[in-house]
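Visitor: Got a predicted structure plus its sequence, pasted below:
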Amino acid sequence: MFENDNIAIQKAQEGDKFALERLIRQNNGLIWSIVKRFKNRGYELEDLYQVGCMGFIKSIKRFDTSFEVKLSTYTVPYILGEIKRFIRDDGPIKVSRSIKELNIKIKELQRQYLLNKGKEITIEEISKILKVAKEDVAIAIESSKPVESIEGAMNSKDNGDKAISLIEKISTGEDEQEKITNKIVLKQVINELEPSDREVILLRFYKEKTQTQIAQIMGISQVQVSRIEKRVLEKMRNKFMGKVRIAK
């Protein structure tokens, strides 16, 4: 693939505009795939694409052709970071009026359903009652939630009542230079886990389940969950630090 053409990257780094433009065209699909993650946030996608291109250009200028890493892997954090900085500096994430109005209807429906039925209404039921697509229902619900990430805090009895995050659990505590890079690397590490190990980590740190709750879900003992968690976190920590060294 052209993205691994070190000569073109070196030319772009030396100021060759044609080489840089060609690199952008070759990675156009990658940039757009990241931009589309921010759909329905109140911004024109074309504007975010231009911002993403700026992040891509920054990654080209800093890319070391001796790295044992693909340009696409290296550049993703820069594109993401540039877009997130743009949204952060421009103010809170914007939500369209139609989504806001739909969210109001959903919240009222959820309240009435819980009051009358004693249980939470599903997205499928909301979709049928309001006659809107399930995807739109999901987007409206998510738009009202605070933006969460792998840095989101959770409480753990193993750490007293202090709020901790998954990235804190596997990090050495060093001052990482690129938080965005760390997030991408951590996602890769999680995806490489065995299905059962990944389920424990996702339930524990993303669904914020206790070890006892996880044990009930998976049909094992709390002690087994604790052992799995410690073993997997150690494995993740080693892989995480190895990948971060390569990415830097």
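Guide: Happy to help now that I have it.
Visitor: how about low-confidence regions in this protein?
Guide: 1-4, 67-68, 89-96, 115, 142-185, 240-248 (pLDDT under 70).
Visitor: Could I get the full set of strands for it?
Guide: Applying DSSP state E to the chain gives strands spanning 154-155, 158-161, 163-164.
Visitor: Distance check, residue 229 against residue 198.
Guide: For residue 229, the distance to residue 198 (C-beta to C-beta, to the nearest Å) stands at 12 Å. From N, CA and C alone the C-beta is placed, and that goes for glycine too.
Visitor: The two: which is more packed in?
Guide: residue 229 (21 against 15; other C-beta atoms under 10 Å).
Visitor: shouldn't that one be in contact with residue 199?
Guide: No - with contacts counted by C-beta atoms under 8 Å, residue 229 stays clear of residue 199, the gap being 11.3 Å.
Visitor: what number of residues lie near residue 104?
Guide: 12.
Visitor: cool, the one 10 residues further on as well?
Guide: Other residues within reach of residue 114 by the criterion other C-beta under 10 Å amount to 12.
Visitor: need the contact list for the residue nearest to it when sequence neighbours are not counted.
Guide: Closest residue to residue 114 apart from its sequence neighbours, by C-beta to C-beta, 6 or more residues apart in numbering: residue 120 at 6.1 Å. When contacts are counted by C-beta atoms under 8 Å, 6 or more residues apart in numbering, residue 120 is found next to 110, 113, 114.
Visitor: and the closest residue to the second one other than its chain neighbours, backbone torsions?
Guide: Setting aside the residues directly before and after it, residue 113 is nearest to residue 121 in space (C-beta to C-beta, 6+ apart), at 3.9 Å. With angles defined as degrees, to the nearest 10, residue 121 sits at phi -80, psi 150.
Visitor: what's near enough to touch residue 121?
Guide: Contacts of residue 121 (C-beta under 8 Å, 6+ apart): 109, 110, 113, 114.
Visitor: Then residue 190?
Guide: Residue 190 touches 198, 201, 202, 236, counting by C-beta under 8 Å, 6+ apart.
Visitor: So which of these belong to helices?
Guide: Counting by DSSP state H, the members of the contacts of residue 190 that fall within helices are 198, 201, 202, 236.
Visitor: ok, so what distance separates the closest residue to the third one other than its chain neighbours from residue 53?
Guide: Once its chain neighbours are removed from consideration, residue 202 has its nearest residue in residue 190; the separation is 7.5 Å (C-beta to C-beta, 6+ apart). For residue 190, the distance to residue 53 under the criterion C-beta to C-beta works out to 29 Å.
Visitor: before we move on, what about residue 218?
Guide: Distance, residue 218 to residue 53, using C-beta to C-beta: 44 Å.
Visitor: now residue 62
Guide: Per C-beta to C-beta, residue 62 is found 15 Å from residue 53.
Visitor: More neighbours: which of the two?
Guide: Taking other C-beta under 10 Å, residue 62 and residue 53 do not tie; residue 53 has more neighbours (17 against 11).
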